[in-house]
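**Q** What follows is a protein structure lacking sequence information:
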């Protein structure tokens, strides 16, 4: 176990550099999970709306009152830059300008050019407000056609439009074992784990696989596979500590210990940690420099995270992207987390399949690391740099 | 009268409790090749770093070319060349570019610099390697590049800190010849090394340091006279009895006689004609002998006797 | 001497292969990932394809049936409805084959299994139906003769609002990620600044010691190296912007030259940050690189690189931070060009970047300036 002991010694010496990454990434993982606000859908349908009334009639007043019943009215200065800023930073979701002549048009039954709107990000919610306005105006016209005067048509229309449909959310017995913030935390762990593990582990692995040191080891009677396995064992010990720290943070995040099937999320993360360790081993077997390690960490970390639905939910990604993402381990990790988070119905056998696929990735990557190490570091495969020397006299 | 190029006066440097330089003084004249010897941790590199104004020191005074040395004495620095213990070059530049870069830190005139660079390359014998990058060069060639970078700007004072470590004999000879050639053109050289043969070969004056102090100084002959052993006589003899050995011991100026493996070794301190007297003893008893050597003490022996024979391995 | 050091700094920087990959190739790769991941996103969010739905008729409702039929027809149907029993419907809902179950009883109710976009659309559909139903029912109760007129009025397709254009710029939310990519490249330039600081200090590198012995004043050497680094970093920033703008066809608005200005200033800021870190303390190079990289990553995160709505959260919780976060400054300066018609915000951000750079450089220079060291 000489190599294992050496690994630990080198780790001890480099612990500061390694822990910088661990600490910084843990520090960002917490706000990361908290910030994953769920998309504003019908659950949270009250928007912040600023209204500029250029008409100033009783009708526009009634409209303002109507909107105020469903949404939050926000005061805003009539300055284009300030409007822009408010929309950009989400202090206002929608700006409505009731054009001059609204009252007249409503009474006459005309509908063109009643309102001008500003909004920044096209989302369901903003489309809904436009629909609401159309619905209101249409209903007023309807009541007017039915013989009501304008004022009562407005009042009745308001009541009609503001009806809420009754929605029941069917929950399966064991669906949604993780709270939404825990589910987000575990999802983001896909990025955090791969980044931390590669950044923290690679410097140590690289010191261990310096050419001169490897030469000496090769001269000994230690098998190449034994060497790689000892290195892997050392890595696993270090990473286990890192993973435990992450799990402690996740428990704090969760507001308490996990119960029941929520432990499957912990298991899932453990399997993914193994994958990340194997990825680190594969990277290091190619002997990159410090800078290249950082580069690869970011490509693998950020790249796979964006493609596999860590930052942008899988449901939002194109089918082509998802098809390619299936070849990345992060995709299956995220799928398992999403199932535990309640995005799909909980199915024990399907979850087991996801985790088995992840284990498959871990095994495959380990194999690659073993093979590359064997090929690169034994015998004739070692390439010595060709050095210029004095021509022999 | 020779000018004093370097004057170190009562230099004291402490690292916390450890006294690295203990009232160290030194004077180096123009045109000398001055050897600075000492075991590991004696303070050689510390002295050089203080001399170059890289390290602060607690007490003392340093003058170079008759002027006080400070970190901003750029006029003095212009005439100093430094070849450090480790090869210090830029990995991203070729041989020629490296020499040009370092020369350019001293010489601003482009045309003059180009000429100096060519001369430096020729001097160290790297004409065939100008387009190579450092990582493609062997140890000996790297050392030569290191030297070229230090001397290209034609300084008047060159400091070499163990320049021939891990260098093949061919390159080492070239380096030593080069140093002597530089000296012949009027350059003052400070040379530190562990290799006694080199120091003995090229240095005109030598100082031996130990524990931050100067323990001996002088030409190599002066140093050799400082120690007890002035002559070692070795004679190849078969079968010597105790009585002959006792007679040898009784000879004047002989302080030690050993006989081992057919070799008689007689150590003498002072005196002349010691060899003749020894041979007379043998001839008197009609004892035949083979090869005969009479050696003056080596600098190595001087060094070991002055600093003590125990090995010390502190960081320098 | 300045020019000599300056030119050699550029020459040797451009030959550091790792650096070139890091600052040029990596942004290209990541940018491409972004383009692939977000390419379809806009479509997916606003365009909703026919939603698979089940209708459970607890009570017969002919009107509702005909409405469902009408929205299930045509080129862009809203629903893909099938009439099932409750048991069958619940099963399909459980298997995610349908997005919702509409019960046509006394009142129309909806049962869903999630809270996504499609479920929200179903709710809206039902509410619109309920609205129309009420108008008609009320009319039937009060003035039944006018029912036809009412239905006609309701059936007329109207469009009351006109979207006013706030800006000529690109309002796509996901373009933020490309702005953040530029910010990230700027921050990673800190590694080059770090190497300048280390390469000039005798106690941190042998090359530094060697340079300190030379006849070139330290300040000249440092400034020349920094200037050389700025040039190299600016080249990297320009390549990044050009690649995303012309190859990935990211729409930066119509003031692209100013985007270059913001990017170059960001690069200078990144270098200054690294220079500052490199001049502080005696830590090993590896540890300092670690600090540079991880802090850069954290700053990029807080500017919204990974989680898009991080910046608004910071704007709400600690708005002052966005004004000093280097990554956020780069991002905001470019988005200011996109959103605002004037240049006020843009200039403010650029000036802030340059001021912060200056502070870092001055602090770094004060620390590196030391000429003699207590130990090497």
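**A** Cool, the structure landed. This one's a predicted model, so the numbers in the text were calculated from it and none came from an experiment.
**Q** what's near enough to touch the closest residue to residue C:252 other than its chain neighbours?
**A** Counting by Cβ to Cβ, 6 or more residues apart in numbering or on different chains, residue C:252 lies nearest to residue C:259, which is 5.0 Å off, once chain neighbours are set aside. In this view, the C-beta of every residue, glycine as well, is placed from N, C-alpha and C. Listed by Cβ atoms under 8 Å, 6 or more residues apart in numbering or on different chains, the contact partners of residue C:259 are C:241, C:245, C:252-253, C:334, C:337.
**Q** and the closest residue to chain C within the stretch 101-250 of chain B, what are its phi and psi?
**A** Nearest to chain C, among the residues of the stretch 101-250 of chain B, is residue B:105, at 3.7 Å (Cβ to the nearest Cβ). Here is the backbone geometry of residue B:105 (degrees, to the nearest 10): phi -80, psi -10.
**Q** re the thing from before, of the contacts of residue C:259, which is the most crowded?
**A** residue C:334 (30 neighbours; other Cβ atoms under 10 Å in any protein chain shown).
**Q** Do I have it right that residue B:270 meets residue B:253?
**A** Yes: when contacts are counted by Cβ atoms under 8 Å, residue B:270 is listed as touching residue B:253 (5.2 Å).
**Q** if you count what's nearby, which of the two comes out ahead?
**A** Between residue B:270 and residue B:253, residue B:253 has the larger neighbour count (other Cβ under 10 Å), namely 16 against 13.
**Q** Closest to chain B out of the contacts of residue C:259?
**A** For the contacts of residue C:259, the nearest to chain B is residue C:241 (26.2 Å; Cβ to the nearest Cβ).
**Q** Can you tell me the element that closest one falls in?
**A** helix C:218-242 (DSSP states H and E).
**Q** Establish whether that helix and chain A are in contact.
**A** No: Helix C:218-242 does not reach chain A (Cβ under 8 Å from any Cβ of the partner chain); its nearest approach is 13.3 Å.
**Q** Pull the distance from that helix to the chain's centre.
**A** 26 Å (Cα atoms, centre = their mean, to the nearest Å).
**Q** and that helix, what's its mean pLDDT?
**A** Helix C:218-242 shows a mean pLDDT of 92.
**Q** for that helix, which positions count as buried?
**A** C:218, C:220-237, C:239-241 (16 or more other Cβ atoms under 10 Å in any protein chain shown).
**Q** before we move on, what about stretch A:260-278?
**A** Under 16+ other Cβ under 10 Å, the buried positions of stretch A:260-278 are A:261-262, A:264-265, A:268-278.
**Q** ok, the residues you listed vs residue B:293, which is closest?
**A** The nearest member of those to residue B:293, counting by Cβ to Cβ, is residue A:277 at 66.8 Å.
**Q** how much space between the closest one and chain C?
**A** 19 Å (Cβ to the nearest Cβ, to the nearest Å).
**Q** Could you point out the helix or strand that follows the helix or strand where that residue lies?
**A** Residue A:277 belongs to helix A:263-284 when assigned by DSSP H and E. Where DSSP H and E defines the elements, the next helix or strand beyond helix A:263-284 is helix A:290-298.
**Q** for the next helix or strand after that following helix, the distance to its chain's centre please.
**A** With elements assigned by DSSP H and E, the helix or strand that comes after helix A:290-298 is helix A:304-307. On the basis of Cα atoms, centre = their mean, helix A:304-307 sits 9 Å off its chain's mean C-alpha point.
**Q** Run through who's touching helix A:304-307.
**A** A:190-191, A:194, A:310-312, A:317, A:321, A:324-325, A:328-331, C:33-34, C:36-37, C:306.
**Q** ditto for stretch A:358-373
**A** A:224-225, A:227-228, A:232, A:268, A:271-272, A:274-275, A:278-279, A:281-282, A:285-286, A:329, A:332-333, A:336.
**Q** Name all residues that make contact with residue 163.
**A** Let's take chain A. Applying Cβ under 8 Å, 6+ apart, the residues near residue A:163 are C:127, C:130-131, C:134.
**Q** hmm, I had chain C in mind actually
**A** Counting by Cβ under 8 Å, 6+ apart, residue C:163 has contacts A:116-119.
**Q** so which of those residues are also by chain C?
**A** A:116-119.
**Q** Most neighbours among those, please name it.
**A** Going by other Cβ under 10 Å, residue A:119 tops the ones next to chain C among the contacts of residue C:163 with 23 neighbours.
**Q** Find the closest residue to chain A in chain B.
**A** For chain B, Cβ to the nearest Cβ, closest residue to chain A: residue B:138, 4.6 Å.
**Q** Give me the phi and psi for residue B:235.
**A** Main-chain torsions, residue B:235, degrees, to the nearest 10: phi -130, psi 130.
**Q** Just give the number of residues close to the nearest residue to it once chain neighbours are set aside.
**A** Spatially, and ignoring its direct neighbours in sequence, residue B:235 is nearest to residue B:264 (4.6 Å; Cβ to Cβ, 6+ apart). By other Cβ under 10 Å, the residues close to residue B:264 number 22.
**Q** Model confidence score at residue B:264, please.
**A** 91.
**Q** Where does it sit, in terms of helix or strand?
**A** strand B:263-268.
**Q** Please name every helix or strand in contact with that strand.
**A** Applying 3 or more Cβ pairs under 8 Å, 6 or more residues apart in numbering or on different chains; DSSP states H and E, one finds that strand B:263-268 contacts strand B:231-237, strand B:254-260, helix B:274-284.
**Q** what angle do it and strand B:231-237 make?
**A** Counting by axes from the mean of the first three to the mean of the last three Cα atoms, to 10 degrees, strand B:263-268 lies at 160 degrees to strand B:231-237.
**Q** Quick check: can you name the pairing partners of strand B:263-268 and their directions?
**A** Paired neighbours of strand B:263-268 in the sheet (DSSP bridges): strand B:231-237 (antiparallel), strand B:254-260 (antiparallel).
**Q** Show me the contact partners of the last one.
**A** It stands for strand B:254-260. Applying Cβ under 8 Å, 6+ apart, the set of residues contacting strand B:254-260 is B:228-229, B:237, B:240, B:245, B:248-249, B:264-269, B:274, B:278.
**Q** any idea of the mean pLDDT in it?
**A** 89.
**Q** Can you point out the buried residues in it?
**A** Buried-residue list, strand B:254-260, by 16+ other Cβ under 10 Å: B:254, B:257, B:259.
**Q** same deal with stretch B:266-286?
**A** In stretch B:266-286, counting by 16+ other Cβ under 10 Å, buried: B:266-268, B:274-275, B:277-278, B:281-282.
**Q** what are the phi and psi angles of residue 312?
**A** Let's take chain A. Dihedral angles (degrees, to the nearest 10) for residue A:312: phi -110, psi 120.
**Q** Sorry, I should have been clearer: chain C.
**A** phi -60, psi -40.
**Q** cool, residue B:289 as well?
**A** For residue B:289, the backbone dihedrals (degrees, to the nearest 10) come out as phi -140, psi 160.
**Q** That one pairs with what?
**A** Bridge pairing for residue B:289 - DSSP bridges - gives residue B:237.
**Q** before we move on, the earlier item: starting from the helix holding residue C:241, tell me the next helix or strand along the chain.
**A** Remark: after helix C:218-242, the chain's next helix or strand is helix C:256-279, criterion DSSP H and E.
**Q** what is the orientation angle of that following helix with helix C:218-242?
**A** Using the same axes, to 10 degrees, helix C:256-279 lies at 140 degrees relative to helix C:218-242.
**Q** Just the buried positions in helix C:256-279, please.
**A** So for helix C:256-279, counting by 16+ other Cβ under 10 Å, buried means C:258-260, C:262-279.
**Q** What segments of chain C are strands?
**A** Taking DSSP state E as the criterion, chain C contains strands spanning C:51-56, C:79-83, C:100-104, C:108-112, C:161-163.
**Q** and residue 245, how many neighbours?
**A** Going with chain A. By other Cβ under 10 Å, 15 other residues sit near residue A:245.
**Q** Hmm, no, I was thinking of chain B.
**A** 16.
**Q** Great, nothing more from me.
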